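Trainee: Predicted coordinates and the sequence they were generated for:
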Amino acid sequence: MGKKLRRPTKETATTTWWRRTVPAALILIIGFGVYANALHNPFVFDDAGTIQSNISIQGSLVTAFLHPQRQTPMAGRPLSNLSIAINYAIDGLDPFGYHIWNLVTHVLAAVVLFALLRRLSVPWPLASTAIWLVHPLTTEVVNYVTQRTESMAGFWVLTTVYASTRAWVDGAPRRWLTIAFVANLCGLATKESALVSLPLVILCDRAFHLRSWRALRARARFYAALMASWLLSVLLLLQTPFVSPAGFERHVSRWTYLFNQPPLILQYLRLAIWPTGLLLDYGFPEQVGFGEVWVSATVVAAAVAAAIVAFHRAPRLGFWAMWFFITLAPASSVIPIPTEVGAERRMYLPLIGVVVLVVSSVNALVQRMERGRSAASVPFSSIAETVALLVVMALGVGTIARNAEYHTTLSIWQSVLDRKPNARAHENVAVALRDIGRDADAIAHLRIAASELPSSQYLLGSALIDQGQLDEGIGALQTFVARNPNHRLMIGARQELGAALVARNRFPEAIDQFEAVLKSAPNDPRPRRVLATTLTLAANRLLETHQYEQAETISRRLVALEPNDARAHNDLGAALASQMQIQPAAAEFAEAVRLDPSFEAARANLNQSLAVLRR
């Protein structure tokens, strides 16, 4: 008979507990240590649309989950929107709680990554995890609240692969496969890029658990279930600008977007090794052809081919090369994102592949050197561990410095302007300058951006008007209104333009703007009030300057807008009486008195008109 299996002793159980707890505690301490100076950073970039103007998070949590607001970064991402709604309910517009959520998500993703690497017997799992955790390339998911979509989706992808891996060796495979399936669904409800979970699971199974592709049939049902969950992703994608009728404000072809990517991918790899000169915004895709990027495209194509070959020859190492390209593909291939050509947050999951490849290669080199080492010399493994610690510390210092660049809106956008000037950077620097009262400096930046960005044209007009340069400001706003009739900022632009035209006594043009606003928002009482006030002011001014026909026209528009306004009828009567149209004037004065019997001016006008008519 074979020997009976012994139950783990108390000492063995304690050792296992320490092996699980100590690394998790270290990850927690390291994460909060390097990101402590990021927790009070302000909202930036798309955070305004995600939080401040996101109506869906201001109601119930159920509404936030089921109906993410379209044309915001949360469209088609209900779980991400729900997390923002929870923060909003607790913290309002205080960024601290939002950053805490983002940091906790990032740390939890690191814990799951460590568990996955340990389960896959990857060498130095804690070193790889710590490097990824503190790498400056991951700072965006903590400092930039909206980009919790990236870290939350990354957490669910890692959980899916980890649970799938646990199912091979755990005594309850169904439980872990169920966890993997649920995590996959959560990932798809967080961000569409979580589609990568299925190919990662399949390649992980082939590399670490199966000896041939045919053996994948053992999990055919599980793979089919993960693929079926893509239906959820399709339904959610219909709500995003990628396929929704509204879409993006800009357009770029698939080929143009694709040709922009090879140089960026090489830039990402450079930043993974030497993370300096980080950028919040890479600007818009540029019109380039293959002839301009063929060198970088060839290098990237060769790297993809090398990853495929490596996977077939050494699956456990090649898997991490495949991991890099698979997780980078959704945002850096043929799916065009017209609003941004590149983003460092796209390296959140791909960076894992780079880090593990580098650490594994170093480990292989150390082992080879150890075999030729004399007994009296210092172990190369000790030297490598010291170097790894120094690398973590250096990356941590870089992350702390990067967090500091987010301390103010002006500082983070100024860093973009210093490193890669673009129109959007000029616009955001201008907005930050206006917030601190430096309007003159802001106008200089808006003049640069206005030729490329319609929103900058609007902001330029607004800033000029605030500076008292009414005529130039009116001209800028009129250009914006004429060229961008469907722009999301149109209502605000028309209101500011109308107010400036009133200040210049250009009442007919001002009224046209306010009527257009009312037509765009017929159920909003504010445009109606503004239009009524403007019409009243215009009518009175025209009467004072004896422009009676124009006053009549304006007054009739006011009566049509506010038929129960006694003053409107009185003004119309005054305009008519001034043109000796006494009979219709008397009717208007009588209506004013009927609506407001205490309106003495209207009563006096009525008596006078009746006297003229000898009534």
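Mentor: Thanks, I have it. Numbering: from 1, shown residues only.

Trainee: going forward, measure contacts and count neighbours with C-alpha atoms only.
Mentor: OK.

Trainee: Who are the packing partners of the lowest-mean-pLDDT helix or strand in the chain?
Mentor: Lowest mean confidence among the helices and strands of the chain (mean pLDDT, DSSP states H and E): helix 525-544, at a mean of 75. Here helix 525-544 is seen to pack against helix 507-520, helix 548-561, helix 566-578 when contacts are counted using 3 or more CA pairs under 8 Å, 6 or more residues apart in numbering; DSSP states H and E.

Trainee: wait, doesn't S456 sit right on V429?
Mentor: No - applying CA atoms under 8 Å as the test, S456 and V429 come out as separate, 11.2 Å apart.

Trainee: what residues does the least confident helix or strand of the chain touch?
Mentor: 502, 505, 507, 510-511, 514-515, 517-518, 521, 548, 550-552, 554-555, 557-558, 561-562, 568, 571, 575 (CA atoms under 8 Å, 6 or more residues apart in numbering).

Trainee: could you pull out the helices for the stretch 201-350 of the chain?
Mentor: Assigned helices in the stretch 201-350 of the chain, in chain order: 220-228, 230-237, 254-273, 290-313, 315-328, 350-371 (criterion: DSSP state H, counting those that start in this stretch).

Trainee: Could you say which of the ones you listed is packed most deeply?
Mentor: For these, average neighbour numbers computed from mean count of other CA atoms under 10 Å are highest in helix 315-328, which has a mean of 22.

Trainee: That helix to helix 290-313, inter-axis angle?
Mentor: The directions of helix 315-328 and helix 290-313 differ by 150 degrees, with axes from the mean of the first three to the mean of the last three CA atoms, to 10 degrees as the criterion.

Trainee: still on that earlier bit, could you identify the buried members of the contacts of helix 525-544?
Mentor: The neighbour-count test (16 or more other CA atoms under 10 Å) marks 502, 507, 510-511, 514-515, 517-518, 548, 550-552, 554-555, 557-558, 561-562, 568, 571, 575 as buried among the contacts of helix 525-544.

Trainee: any idea how far A404 is from N422?
Mentor: Distance check for N422 against A404: by CA to CA, to the nearest Å, it reads 22 Å.

Trainee: Let me fix that, I meant to ask about P136.
Mentor: If you go by CA to CA, the gap between P136 and A404 works out to 12 Å.

Trainee: Comparing these two, which residue is more hemmed in?
Mentor: Remark: of P136 and A404, P136 carries more neighbours, 25 against 17, as counted by other CA atoms under 10 Å.

Trainee: Just give the closest residue to the more buried one, not the sequence neighbours.
Mentor: Of all residues beyond its chain neighbours, the one nearest P136 is T399 (4.6 Å), with distances taken as CA to CA, 6 or more residues apart in numbering.

Trainee: Check Q550 too.
Mentor: L542 (6.8 Å).

Trainee: what's the burial count for the one you found?
Mentor: Using other CA under 10 Å, L542 is surrounded by 20 other residues.

Trainee: Could I get the helices and strands packed on helix 525-544 in a markdown table, plus columns for distance to L237 and mean pLDDT?
Mentor: Converted to a markdown table, those look like this (distance: least, CA to CA, whole Å; pLDDT from 0 to 100):
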| stretch | distance to L237 | mean pLDDT |
| --- | --- | --- |
| helix 507-520 | 28 | 80 |
| helix 548-561 | 42 | 80 |
| helix 566-578 | 51 | 84 |
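
Trainee: quick one: which of those is nearest R217?
Mentor: Closest of those to R217 is helix 507-520, at 57.5 Å (criterion: CA to CA).

Trainee: Need the pLDDT of the closest residue to V309 other than its chain neighbours.
Mentor: Nearest in space to V309, with sequence neighbours left out and distances taken as CA to CA, 6+ apart, is G318 at 7.7 Å. Turning to G318, the model gives it a pLDDT of 94.
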